[in-house]
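# quick one, what's the 3D model for this:
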Amino acid sequence: MSFRSYLPFEEADVINNPQQGPNPYLRTKVMTASREELRLMLYDGCLRFCHQAKAGLDAENFEQSYENLLKAQKIVLELSTSLNRDAAPEICDKLTALYNYVFKLLVDASMKRDGEKVDEAIRLISYERETWQLLIEKNNGHASGGSPSEQSQQTALSGLSKSA
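Okay, the predicted model is just below:
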């Protein structure tokens with residue numbers, strides 16, 4: 001699977017949105033993004049879909065909430081399966097447990113039409129997104145690319161292998 005397959009928008013949005021026409025800027029942004037930036041986009045997409053699902057629940061538009069929760073679930077699965085367990089198994093195990101919990105929250109929210117579960121998922125993914133953003137900024141600030149430990153953590157999270 002590819003990060004690009006679960007980005008925070010549909011392929012039609014990237015290539016040809018009927019309401020807005022082609023969006024070459026967005027397509028270029030996705031196609032030229034680093035693995036780290038793609039992961040950040042996944043967090044953004046998950047949050048966007050969760051907020052849209054919550055709005056659907058609040059408006060009792062259950063079809064909207066279901067569709068958006070399903071998209072958020074797919075992104076959470078991609079976040080989990082793209083971890084590089086060889087680089088940092090302990091970190092990956094903790095993140096896998098977190099992503100499994102968030103996935104369960106999203107499934108429960110869909111089945112029980114429970115906005116509080118969506119709120120909890122939003123809180124957890126927001127925290128992960130902020131943490132990821134800080135890690136990217138910290139590593140971009142190091143000319144040498146950071147310490148070996150920091151490089152190992154980022155490699156594990158971005159799904160890159162040592163040979164990549």
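
# enumerate every residue touching the residue nearest to residue 77 when sequence neighbours are not counted.
Excluding its sequence neighbours, the residue lying closest to residue 77 (CB to CB, 6 or more residues apart in numbering) is residue 103, at 6.7 Å. In short, each C-beta sits where N, CA and C put it, glycine included. Residues touching residue 103, when contacts are defined by CB atoms under 8 Å, 6 or more residues apart in numbering, comprise 73, 76-77, 80.

# element containing residue 94, please.
Take DSSP states H and E as the rule and residue 94 turns out to sit in helix 89-112.

# list the buried ones in that helix?
Under the neighbour-count criterion of 16 or more other CB atoms under 10 Å, helix 89-112 has 91-92, 95, 98-99, 102-103, 105-106, 108-110 buried.

# still on that earlier bit, the residue nearest to residue 77 and residue 42, how far apart?
According to CB to CB, to the nearest Å, residue 103 stands 14 Å off from residue 42.

# burial of residue 83, as a residue count?
For residue 83, the count of nearby residues is 20 (other CB atoms under 10 Å).

# pretty sure residue 45 contacts residue 75?
Yes: Residue 45 lies in contact with residue 75 (CB atoms under 8 Å); the separation is 5.5 Å.

# more crowded one of those two?
In this comparison of residue 45 against residue 75, neighbours counted by other CB under 10 Å, the higher total goes to residue 75 at 28 against 19.

# retrieve the pLDDT associated with the more buried one.
According to the per-residue confidence, residue 75 scores 98 in pLDDT.

# repeat for residue 51
With respect to pLDDT, residue 51 scores 98.

# ok, it - how many residues close by?
Each residue near residue 51 was counted by other CB under 10 Å, and the total is 14.

# this protein: helices as residue ranges?
Assigned helices in the chain, in chain order: 11-15, 24-32, 35-58, 62-81, 89-112, 115-141, 148-158 (criterion: DSSP state H).

# what lies in contact with the fourth one?
The list of residues contacting helix 62-81 from outside it, by CB under 8 Å, 6+ apart, reads 1, 3, 5-6, 8, 39, 42-43, 45-46, 49-50, 52-57, 95-96, 99-100, 102-103, 106-107, 109-110, 113, 118, 121, 125.
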